[in-house]
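Q: One predicted model, sequence on top.
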Amino acid sequence: MIAIVDYGVGNLFSLQSSFAAIGAEACVTGDAEKILAADRVVLPGVGAFGDAAALLKSTGLDETVREAARAGKPLLGICLGMQLLLEQSLEYGTHAGLGLVPGTVRPIRPMIPAEYKVPHIGWNALCFSEDKPVHPLFSRIRPGDCVYFVHSYYADSPDEAIIARAEYGPLLTAAVARDNVMGVQFHPEKSGAVGLSILRAFCEME
Amino acid sequence: MITKRIIPCLDVKDGRVVKGVNFLGLSDVSSPVKLAKFYSDSGADELVFYDITASVEGRALFTDILTQVASQIFIPLTVGGGIQTLDDFDRVLKCGADKVSVNSGAIRDPSLIGAAARRYGDQCVVLSVDAKRVDGSFHVFAKGGREDTGMDAIQWIRRGVAEGAGEIVLNSIDTDGVKKGFDLEMLAAVCDAVNVPVIASGGAGCEQDFVTLFETLPKVDAGLAASIFHFGEVSIPELKRTLARRGIPMRVLD
C-alpha cells in the first residue's frame, strides 16, 4: 500500500489515478497511523512553500513523514512536496523544510537568461550525470525522455544529492535523493508513459 | 531544453466531442475519453477541452467526462468554456483539470484573473483571447468572437498578465478557419508585450504552418488546433517528427 499524504494542499486525483493505472494500490490519507503502516509514502504539493510547510506542521504530519523516512520506507516528494524535503526555502521569506535532503529552495529567475520565461512550464528532457550510476527511480526510462514541469523555484542541492537535471539555460535540479528519500521537481502523474514508468520504478523499490 | 508543445483542442457539447472526427481504429469518434486517449498516445503535449454546452445538465455531464478523462489520461489538461467565477475554477479543478482558461468571464470581470491566480497559482490561469484587426489595431472580441469589445488586445493581454495570467492563448479571428497559417504578425506583437508562455491558435492548415510558426517566432511556446487534427489532415506524430527534423525542440514518442 502507498500512502499519499493529504495535508490539505492541492488536488490528488491525478496522482491517485496514475498509481491505479499501473496497478498499484494507493490511498490518499492524512492519518498518521495509515501513513506509518504503508510500504511507501508520497508527499505531494502545489502552491506556496510557506503555506504548505505551515499546514504540514499544523497537522503534525511533518513528524509522521520524518518518521516514515527514518523507518526506511521509500518516500517520494513531488513538485512542492520535493521542495519540502529540503532544509529551507527562500520563497517569500525564509521557511524551514523537513531537512531530509540537503539543499535550499531558491527562485529560478536570477539563475536564467532574461529571455527564458518563469514559471518553467512544459515538457523538458531529463539529463543524468555521466560519472555516477542512474538512480533506480529512473531505471525504466532513458536519458532524453521528457517530463512535465511547472515551477518557479528550484532545489539548490549539493551534487551528490542531485539525481537528474533539466536544461533551462543552465541545468536546473529535476530530482534529488538521499538514501530512501527521493524527490522530483516535475509531475510524473502528468508526464505520460514516462511518468508512469518512474512511478512504477518507485513502487518496485525495496 | 524545453520543448514546443502541440495541443489539440476538443469542443464538448452534452458530453460528446462536437466536430466530426474520423480516425482509423477509433470506433467511437465522439467519445471525449477515447479521443483524449488517442491524442495522448499520439504524443499530444497537452489537451484543451472547451465546454460549449449552455445547460446545467450539460455542465454536469461535462464534469463527469472530465473526471473520466483525468483518471485515464496522464498529460496536462486545460479546461475552458463558461468559466465566470472562482466556483467554476473549483468545479473543473476538482475533476482533474490542471489549468483553467478564461475568456469572456475575464472580460466581464477582470478581477477574476487575479483572484484565481492568488488561490490556485499563476500557472493555473490561462487567458484566452479572441482578437481581430479593426482599423489598424487588434481588438478583443467577446462571446465566441461575435462581439467587438473595442478593447485593444495587446493592452488587454498585458493587463491580464499583470493580474496573474500564467499563459496566453491567442486566437486570431482573422486567420481562424482560413487554414493559411497562424497570424504571425499578431502573435509577434503579443510575444513582444509579455513574458509568459504564448499559445498560437487559429489558422493552421498543414504541417508547414507549424514549422513557419516556430521558426519565425521562437518565443511562441505552443501551437493549438482542432479540426486539422480531428479530421486527420495533420497527424500529430508525423508533425512532431517533421518539426524535430527542422531542429525545433520536440517531445517525440517512439
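A: All right, it came through fine.

Q: Tell me where the chain has helices.
A: All of this refers to chain A. Taking DSSP state H, the helices of chain A run over residues A:13-21, A:32-37, A:49-58, A:61-70, A:80-85, A:192-204.

Q: should've been chain B
A: Along chain B, the segments classed as helices by DSSP H run B:32-42, B:56-72, B:86-94, B:104-108, B:111-120, B:153-163, B:184-193, B:207-216, B:227-230, B:236-245.

Q: So for A:Gly195, which of the ones you listed sits nearest?
A: helix B:32-42 (11.5 Å; C-beta to C-beta). C-betas here are computed from N, CA, C, even on glycine.

Q: Show me which strand runs longest in chain A.
A: strand A:171-178 (DSSP state E).

Q: Any buried residues in that strand, and which?
A: A:172-178 (16 or more other C-beta atoms under 10 Å in any protein chain shown).

Q: Poorly predicted segments of chain B, please.
A: Chain B contains residues with pLDDT under 70 at B:19-29, B:54.

Q: For chain A, which residues score under the pLDDT cut-off?
A: For chain A, no range has pLDDT under 70.

Q: quick one on the thing from earlier: need the helices of chain A in CSV (columns: mean neighbour count and distance to B:Ala117).
A: Below are the helices of chain A laid out as CSV (neighbours: other C-beta atoms under 10 Å in any protein chain shown; distance: least, C-beta to C-beta, whole Å):
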stretch, mean neighbour count, distance to B:Ala117
helix A:13-21, 20, 21
helix A:32-37, 15, 32
helix A:49-58, 18, 15
helix A:61-70, 19, 27
helix A:80-85, 29, 16
helix A:192-204, 20, 26
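
Q: Which one, of the ones you listed, ends up nearest to chain B?
A: Set against chain B and scored by C-beta to the nearest C-beta, the helices of chain A come closest in helix A:13-21, at 4.3 Å.

Q: Alpha carbons of the closest one, as PDB, please.
A: Written as PDB, here are the backbone C-alpha positions of helix A:13-21 (Å, rounded to 0.1, in the frame of the first residue of the first chain):
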ATOM      1  CA  PHE A  13      -6.900  13.000  -8.000                       C
ATOM      2  CA  SER A  14      -4.500  12.600 -10.900                       C
ATOM      3  CA  LEU A  15      -1.800  11.200  -8.600                       C
ATOM      4  CA  GLN A  16      -4.100   8.500  -7.200                       C
ATOM      5  CA  SER A  17      -5.400   7.700 -10.700                       C
ATOM      6  CA  SER A  18      -1.900   7.300 -12.000                       C
ATOM      7  CA  PHE A  19      -1.000   4.700  -9.400                       C
ATOM      8  CA  ALA A  20      -4.200   2.900 -10.200                       C
ATOM      9  CA  ALA A  21      -3.200   2.900 -13.800                       C
END
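
Q: Looks like B:Gly114 contacts B:Val161 (just checking).
A: No: judged on C-beta atoms under 8 Å, B:Gly114 makes no contact with B:Val161 at a distance of 11.0 Å.

Q: what about these two, which has more around it?
A: Higher neighbour count among B:Gly114 and B:Val161: B:Val161, with 20 against 17, using other C-beta atoms under 10 Å in any protein chain shown.

Q: check contacts around the residue nearest to that one when sequence neighbours are not counted.
A: Nearest non-adjacent residue to B:Val161, counting by C-beta to C-beta, 6 or more residues apart in numbering or on different chains: B:Val194, 4.6 Å away. By C-beta atoms under 8 Å, 6 or more residues apart in numbering or on different chains, B:Val194 lies in contact with B:157-158, B:161, B:168.

Q: Which two among these are spaced furthest apart?
A: B:Arg158 and B:Ile168 (10.1 Å).

Q: Between those two, tell me which one has more neighbours.
A: Remark: of B:Arg158 and B:Ile168, B:Ile168 carries more neighbours, 23 against 14, as counted by other C-beta under 10 Å.

Q: For chain A, see how far away that one is.
A: 11 Å (C-beta to the nearest C-beta, to the nearest Å).

Q: Nearest to chain A within the stretch 101-250 of chain B, name that residue for me.
A: Nearest to chain A, among the residues of the stretch 101-250 of chain B, is B:Gln123, at 4.8 Å (C-beta to the nearest C-beta).
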